[in-house]
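Q: here you go, sequence then predicted model.
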Amino acid sequence: MNNQKEDYAAEWSRRLADEDVYRIGPRPGYSPQIGQLVAMMGYARHTTLAAVRGLTIRELDVRFDEASNSIGMLLGHMAAVEAIYQVLTFDGRSFTEEEESRWGPGLQLGEEGARVHRGRSLDEYLADLEEVRGRTLRELARLGDDWLFVETPFWYDKQANNYFKWFHVIEDELSHRGQIRWLRRRLAEAGEA
């Protein structure tokens, strides 16, 4: 059964079934509430992929000023946010030095994020997003709904449950997807696209 769940998770990540993208509800291979979370994650990713479709390296790298993020930086950030929430919620730890080296610049953005997320193709960013989403879906497939309600210390000395943490991953992606749409419109207006 576990291999079946892993196969479905990989398939879901690749295809985002059009017939299911606008339905929030249980998903095969997941407990009921985790399936709903997976459905929301699928919709968020569906809209992100639509927002970046066809972008060139040049378009991914444009920063309108030194304080702004490029679209590539935002895609790198999305992957990094999902990666840190994986280790926080699935592994109960922080990044290792190796993970920090790989994902830290995307998490923090800034000048280091701009340096690391420059000259990369859309396929490279999508591969990172696919990699982290694949792990997320495999891990969620092995967990039950009770895991969503496990609480640990979080921001501002408050407790947060895993459900909130993964909701935050979704809302972070949607927030940055909105920025991507805005940046893409600015690229077209500036004749950059």
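A: Thanks, I have the structure now.
Q: and the helices in this structure, which stretches?
A: Secondary structure of the chain by DSSP state H: the helices cover 2-15, 32-52, 57-61, 71-86, 97-108, 110-116, 122-142, 162-189.
Q: now the phi/psi pair for the residue of the chain positioned farthest from its centre, please.
A: Ranked by distance from the centre of the chain (CA atoms, centre = their mean), the top residue is Gly191, with 28.9 Å. The phi/psi pair for Gly191 (degrees, to the nearest 10) reads phi 70, psi 20.
Q: re earlier: what's the closest of the helices of the chain to Glu151?
A: Nearest to Glu151 among those is helix 162-189 (8.1 Å), distances taken as CB to CB. Every C-beta, even on glycine, is put in place using the N, C-alpha and C of the backbone.
Q: so the closest one versus helix 71-86, what angle?
A: Angle of helix 162-189 versus helix 71-86, following axes from the mean of the first three to the mean of the last three CA atoms, to 10 degrees, is 180 degrees.
Q: for helix 162-189, give the mean pLDDT please.
A: The pLDDT scores in helix 162-189 average 96.
Q: counting contacts, what elements does it pack onto?
A: Contacts defined by 3 or more CB pairs under 8 Å, 6 or more residues apart in numbering; DSSP states H and E place helix 162-189 against helix 32-52, helix 71-86.
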